[in-house]
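Student: Dropping a prediction and its sequence here:
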Amino acid sequence: MKSRRISRTRRRATIFGAATASVIAGVAMLPNWSAGAAVTDDPTVDAKTKATFQRLADAVFTDRTEALVGGGRKDRNKPRTDGFSGDVRLSSGTARSQDAALSKLDRRRGELAKLGEKYSKGSTTVTLGATNVKGRKAKAVVTETTTLTYQKVRGSEPGTTGFQARHELTFTADRRGDWQLTGITPADEDNLAVNQTATPESVPAPTPSAVPSAAPSAAPSAAPSAAPSASASASASASVKVSTTTPAAPKAATAFPGPANPKDFTASGLDYKAMADYAKRYWSDYNPAYPNFNGAGAGGDCTNFVSQALKEGGWKHVPGYVYDYTRWFGNAEIQSHSFIGVNEWSWFAQNSKRTTSLANVYQMDVGDVLQVDFDRDGSKDHTMIVTSRSKGVPYLTYHSTNTYSRSVSSIIASYPNASYYAYRT
């Protein structure tokens, strides 16, 4: 993923109001929001409270998943979050945000149905990780695992699609010491799950970096003269002679169905099944033979993951400088920027003639690659690989957010205003 950094500044502000003239000296000042009311000491978070945090988070994300399944909101049961009150509950602001999210997901469900995609059932589980308490605020990281079962509309859809996503929840204690869920933010680099409604953050278009006039032929394991950027997806830069190795890829249309353009699976000598099998195997269980760039401000792991799958299917290393977009290599010790960066991968793919651009995203087949520019600023933001195809619809697997077998129709329904780039490998 293209350097997608999420700033999480943690701070706690304590606001004191002035005591009235009639209050005798020595009485402690009270926060403005609690003036005239009894205030408990800073509450603690015991095992029971943590378990309730987890159950409320499970209710939030289960409600979102169920919005994609079956009928509209009138056909669903009462939202699970309505069952929480007292010690742990949604704040009024979070309740409004949740209601807006459910309405948006209802609309998305309808848009998918028009494209021939429905889900017969969904399952969401949430596990609670570390919980950090400071005064009257508690932050908890939860991992959501969601599976959606495809309804057999076309007849040959994959059985299921699913994803794993981490979220940071902020709970704030009111004057009585009751906890209210006041914030939900992504804990991973991106927020690309099918039941999420926020548009992913984007980054400015990268400045094309210079390419050396003569690249060394060092093996991928050898240290290059220029080390890769600290961010896995950051655009490379170097003080060397500039060359035109940053071609612009043509955008792909998103109308269904796409014009016929069948893929010849034998012409290239590549093993496309091996690419798909690799992606399906490591979509959530990362291969320890490669670095993991997901989280901790590393920029995202999407392109790194796709490059691994392409390599498994027969793409060969082209050793050289890490910032040379005519080179491509990656292993546990070192990776070219074209191996791990979204735009850089596109530049290499075109420079090397290993790919050709497709006119329509629905022309993609197993082993082909899709990239997205969410805000259409000219800088691509995300990379995915096709792992199956059914009745003219490609299904994608990717990292950041870890996802398997999500249809291109679902991607387009979630991000209808994005720009798409489809590559035949």
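Tutor: In hand now; what should we look at? Numbering: from 1, shown residues only.
Student: Now do D301 against T383, distance only.
Tutor: Remark: distance between D301 and T383 (Cβ to Cβ, to the nearest Å) = 10 Å. From N, CA and C alone the C-beta is placed, and that goes for glycine too.
Student: More neighbours: the two, which one.
Tutor: Between D301 and T383, T383 has the larger neighbour count (other Cβ atoms under 10 Å), namely 32 against 28.
Student: quick one, phi psi at that one?
Tutor: Main-chain dihedrals, T383, degrees, to the nearest 10: phi -130, psi 140.
Student: what about the strands in the stretch 1-150 of the chain?
Tutor: 88-90, 119-134, 137-150 (DSSP state E, counting those that start in this stretch).
Student: was I right about F348 contacting Y325?
Tutor: Yes - F348 is within contact range of Y325, at 5.2 Å (criterion: Cβ atoms under 8 Å).
Student: more neighbours, these two?
Tutor: Y325 (29 against 24).
Student: Could you give the bridge partners of V318?
Tutor: With DSSP bridges as the criterion, V318 is bridged to W328.
Student: Please disregard the earlier target; I meant N402.
Tutor: Following DSSP bridges, N402 is listed with bridge partners Q164.
Student: go on, Q371?
Tutor: Note on Q371: beta-bridge partners by DSSP bridges are T383, Y421.
Student: so who does it touch?
Tutor: 249, 342, 345-346, 380-384, 420-421, 423 (Cβ atoms under 8 Å, 6 or more residues apart in numbering).
Student: Just send those back as TSV, with pLDDT and distance to P288 too.
Tutor: Listed next are the contacts of Q371 as TSV, based on pLDDT from 0 to 100; distance: Cβ to Cβ, whole Å:
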residue	pLDDT	distance to P288
A249	96	32
V342	95	23
W345	98	22
S346	98	27
K380	95	28
D381	93	27
H382	95	24
T383	97	21
M384	98	22
Y420	98	32
Y421	98	30
Y423	98	28
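Student: For the residues you listed, please prepare a markdown table with the additional fields distance to S123.
Tutor: Formatted as a markdown table, those follow (distance: Cβ to Cβ, whole Å):
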| residue | distance to S123 |
| --- | --- |
| A249 | 37 |
| V342 | 31 |
| W345 | 34 |
| S346 | 36 |
| K380 | 33 |
| D381 | 29 |
| H382 | 25 |
| T383 | 28 |
| M384 | 23 |
| Y420 | 29 |
| Y421 | 33 |
| Y423 | 33 |
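Student: Top of those by number of neighbours, please.
Tutor: Counting neighbours by other Cβ under 10 Å, T383 comes out on top of the contacts of Q371 with 32 neighbours.
Student: so H167 makes contact with A140?
Tutor: No - using Cβ under 8 Å, H167 is not in contact with A140, being 9.0 Å away.
Student: before we move on, which element is T387 in?
Tutor: Here T387, judged by DSSP states H and E, is contained in strand 382-390.
Student: Following element in sequence after that strand, please.
Tutor: By DSSP H and E, the next helix or strand past strand 382-390 is strand 393-398.
Student: Run the chain-centre distance for that next one.
Tutor: Centroid separation for strand 393-398 versus its chain: 15 Å, with Cα atoms, centre = their mean, to the nearest Å.
Student: what's the neighbour count on T52?
Tutor: For T52, using other Cβ under 10 Å, the count is 18.
Student: An error on my part: the question was meant for A51.
Tutor: Residues within reach of A51, counting by other Cβ under 10 Å, total 12.
Student: tell me which residues form a beta bridge with Y150?
Tutor: Beta-bridge pairing of Y150 under DSSP bridges involves Y119.
Student: cool, and R406?
Tutor: Going by DSSP bridges, R406 forms beta bridges with L396.
Student: who's in contact with it?
Tutor: 161, 163, 194, 395-398.
Student: which of those residues lies closest to K134?
Tutor: F163 (30.6 Å; Cβ to Cβ).
Student: and A279, how far is that from V408?
Tutor: A279 is 15 Å from V408, by Cβ to Cβ.
Student: Neighbour count: those two, which is higher?
Tutor: Neighbours per residue, other Cβ under 10 Å: of A279 and V408, the larger number sits with A279, 28 against 25.
Student: what about the more buried one, which SS state?
Tutor: helix (DSSP: H, G, I helix; E, B strand; the rest coil).
Student: Quick one: residues contacting it.
Tutor: For A279, the contacting residues are 305-306, 309, 385, 387, 397-398, 404, by Cβ under 8 Å, 6+ apart.
Student: and what of V361?
Tutor: 252-254, 258, 370, 394, 408, 412, 420, 422.
Student: got it, and S120?
Tutor: Neighbouring residues of S120 by Cβ under 8 Å, 6+ apart: 69, 149-151.
Student: so how far is A101 from the spatially closest residue to A138 that is not a sequence neighbour?
Tutor: Of all residues not flanking A138 in the chain, F171 sits nearest, at 4.3 Å (Cβ to Cβ, 6 or more residues apart in numbering). Counting by Cβ to Cβ, the separation of F171 from A101 is 19 Å.
Student: just to revisit the earlier point, ok, now which ones touch the residue nearest to A138?
Tutor: 53, 88, 137-140, 179-182.
Student: is it true that W283 touches N402?
Tutor: Yes - W283 lies in contact with N402 (Cβ under 8 Å); the separation is 5.6 Å.
Student: Which of the two has more residues huddled nearby?
Tutor: Each of W283 and N402 has its neighbours counted (other Cβ under 10 Å); N402 has more, 25 against 21.
Student: how close does the more buried one sit to F329?
Tutor: Between N402 and F329 the computed distance is 24 Å (Cβ to Cβ).
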